[in-house]
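> how does the following fold in three dimensions:
(chains A and B)
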There are 2 protein chains.
Amino acid sequence: MTLFSGLSAFPLTPTDPAGRLKPDSMARHIERLCAAGVDSIGLLGSTGSYAYLTAAERMRTVRVAAEAVAGKLPLIVGVGALRTDEAEQLARDAAMAGADGLLLAPMSYQKLTDEEVFQHVAAVAAAGDLPLCIYNNPGTTNFAFSHKMIARLSRLPRVTAVKMPLPADGDFAAELAALRSVTAAGFSVGYSGDWGARDALLAGADAWFSVVAGLLPGPALQLARAAGSRNAGLSERIDRAFHPLWALFRQFGSFRVMYALAELLDNDGIAPLRPVLPLAGDDRRKVEAALGQLADIQPASGRPASISI
Amino acid sequence: MTLFSGLSAFPLTPTDPAGRLKPDSMARHIERLCAAGVDSIGLLGSTGSYAYLTAAERMRTVRVAAEAVAGKLPLIVGVGALRTDEAEQLARDAAMAGADGLLLAPMSYQKLTDEEVFQHVAAVAAAGDLPLCIYNNPGTTNFAFSHKMIARLSRLPRVTAVKMPLPADGDFAAELAALRSVTAAGFSVGYSGDWGARDALLAGADAWFSVVAGLLPGPALQLARAAGSRNAGLSERIDRAFHPLWALFRQFGSFRVMYALAELLDNDGIAPLRPVLPLAGDDRRKVEAALGQLADIQPASGRPASISI
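Next comes the predicted model:
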């Protein structure tokens, strides 16, 4: 089991409307993940609003999370920024505040070239001096990593993993084989896009970087363990209970749905930072209904339970 | 002539590698635009690196530019930011520092909905209390404005213009007619994408939001005046001299080419902020050759001259 393998759970970062961390709420989110026993925490990922928070709040978030996790789980921290010098500083900050590994998306405004992203990743990996996972998320960064690029990056010191988007053709086995044939030995290939996680793990992906596990680690862990042990039948039954939620993730974006889930589970009044708006009315009720579908694997109390399907 | 009409020139923002404004260089860029007599200055647009600079440097940039322009030309200032509260503050800052109008791109990380962008624009327009141009630039913001959205926004107080990307089908006349039929009376429709400027102006667009005019205002002004007065033959001859430069804009992105042009014209050692890299070697020489093609309308000294084609 390496740092970037198994189920990595991505919590929200609870803030007030001015983007200041709510430390008690953050600690509760982290403790829920520790109690469930996920394999790592993906702090300040896209789900954790990293792109919207100041460097000072991001440092504070790592400190609060590191204290709450207390060494029980590895803490992976997102350090993306539009500028290289900012991302380097965030990497140093995260290392100092207790991160075990880094996650780096090549945020962009001007569309970036391969060479620009390569030099950016190399600089941030050197600055942080921690194992680093490349975050390949073209939907938010407007940059798509070619296999050739990933292969080249996998040979940089400290760059040990990639977080991939779901393959357009759904052929995980072919993509995994292709990536493993060109990347450095021991390089880890994991996936985000919760609705494709079961297929990714059945095909032998090293990790599931999971949004939903940030709030529902119990059910997510059961899905991860069933699919990770190549149990097609059991993983299909668990995945089916998630289908209504996956449909909402795809319709509204998982980020907005997660805030609605947080409100239903914790009722502690956190909301996305504007311009992103919380779901309301009928949309909220759809999230509630989807959560109900998970009752068999997630009791209303929020405690993880054994699956009884 | 309204604020958002005619030739709006977008200068680079000269900084050191840490993103701190070089005020003397900024003032020289502004003075060149004043001397040429463009119709407005588009400070801190995409070309002006707004997305990469801190709020403090952006405020400083507006102050320095406002002093250099000394009321001779209208000063339009880009106030985009990932968060609504940040963009509101930037709009207030710009107004206080001497802006005459605002330009707002809906920067995004999470993909935004129409309602989110609508509320974002409304909030920033209210905060700035200056005429505001919507910046429709899907290539950098990952958000495309529908005509319906522009129509709705055109009815907000202070929202008086849109800066459009080039139409995919090249049919400016149809797009202009469609937009004018749905937007509020007096709403201005201009275009960015320098290689389409001639066609846009010949078709009756209100403005050319020009990257190249930020460094070569003389030749750009001649193209704008020829096309704006519907002189197809003269504007075609001028545009032809720009063709090698347009090809490089499309190949490398106009942002990178502008830094190479600045080096050739001014030699004052400014470069894009990393991760963006300056053009080098053969690519630089191509920019030099393209600049040479403009010799008839832009003498080597940089002074604008009458066209003699």
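> C-alpha from now on. contacts and neighbour counts both.
Will do.
> which residues does whichever strand or helix holds residue A:119 contact?
Assignment of secondary structure by DSSP states H and E places residue A:119 within helix A:114-128. For helix A:114-128, the external contacting residues (C-alpha atoms under 8 Å, 6 or more residues apart in numbering or on different chains) are A:84, A:87-89, A:91-92, A:94-95, A:102, A:104, A:106, A:131-132, A:134, A:145, A:149, A:153, A:156-159, B:274-277.
> of the residues you listed, which belong to helices?
Using DSSP state H, the members of these that fall in helices are A:84, A:87-89, A:91-92, A:94-95, A:149, A:153.
> avg pLDDT for stretch A:105-112?
For stretch A:105-112, mean pLDDT is 97.
> tell me where chain A has helices.
Using DSSP H, the helices of chain A run over A:23-36, A:55-69, A:84-97, A:114-128, A:138-141, A:147-153, A:172-182, A:197-202, A:217-228, A:232-252, A:254-266, A:281-293.
> mean neighbour count and distance to residue B:26 added to those, as CSV?
Written out in CSV, the entries for the helices of chain A read as follows (neighbours: other C-alpha atoms under 10 Å in any protein chain shown; distance: least, C-alpha to C-alpha, whole Å):
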stretch, mean neighbour count, distance to residue B:26
helix A:23-36, 19, 42
helix A:55-69, 20, 28
helix A:84-97, 22, 22
helix A:114-128, 20, 26
helix A:138-141, 18, 30
helix A:147-153, 17, 37
helix A:172-182, 16, 47
helix A:197-202, 24, 51
helix A:217-228, 26, 52
helix A:232-252, 18, 43
helix A:254-266, 20, 40
helix A:281-293, 16, 49
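> can you check which of the ones you listed gets nearest to residue B:170?
Ranking the helices of chain A by distance to residue B:170, with C-alpha to C-alpha as the measure, places helix A:138-141 first at 26.5 Å.
> spit out the contact partners of the closest residue to residue A:210 other than its chain neighbours.
Counting by C-alpha to C-alpha, 6 or more residues apart in numbering or on different chains, the nearest residue to residue A:210 once its immediate chain neighbours are dropped is residue A:9, at 5.2 Å. The neighbours of residue A:9, taking C-alpha under 8 Å, 6+ apart as the test, are A:33, A:38-42, A:209-214, A:217.
> kindly report the residues of the stretch 151-300 of chain A close to chain B.
Counting by C-alpha under 8 Å from any C-alpha of the partner chain, the positions of the stretch 151-300 of chain A adjacent to chain B are A:255, A:273-277.
> neighbours around residue A:277, how many?
A count of nearby residues for residue A:277, using other C-alpha atoms under 10 Å in any protein chain shown, gives 17.
> so which of the contacts of residue A:9 wins on neighbours?
Neighbours were tallied for each of the contacts of residue A:9 (criterion: other C-alpha under 10 Å), and the maximum of 30 neighbours falls on residue A:217.
> can you tell me how far that one sits from chain B?
Taken as C-alpha to the nearest C-alpha, to the nearest Å, the spacing of residue A:217 relative to chain B amounts to 23 Å.
> that residue contacts residue A:39, correct?
No. Counting by C-alpha atoms under 8 Å, no contact exists between residue A:217 and residue A:39, whose distance comes to 10.2 Å.
> look through chain A and tell me its longest strand.
If you go by DSSP state E, chain A has its longest strand at strand A:159-164.
> so that one versus helix A:172-182, what angle?
Direction vectors for strand A:159-164 and helix A:172-182, defined by axes from the mean of the first three to the mean of the last three C-alpha atoms, to 10 degrees, enclose an angle of 160 degrees.
> tell me the strands beside strand A:159-164, with direction?
Paired with strand A:159-164 in the same sheet, following DSSP bridges, are strand A:132-135 (parallel), strand A:188-191 (parallel).
> now render these as CSV, adding mean neighbour count and mean pLDDT.
Supplementary listing: the strands paired with strand A:159-164 in CSV, determined by neighbours: other C-alpha atoms under 10 Å in any protein chain shown; pLDDT from 0 to 100:
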stretch, mean neighbour count, mean pLDDT
strand A:132-135, 28, 98
strand A:188-191, 25, 98
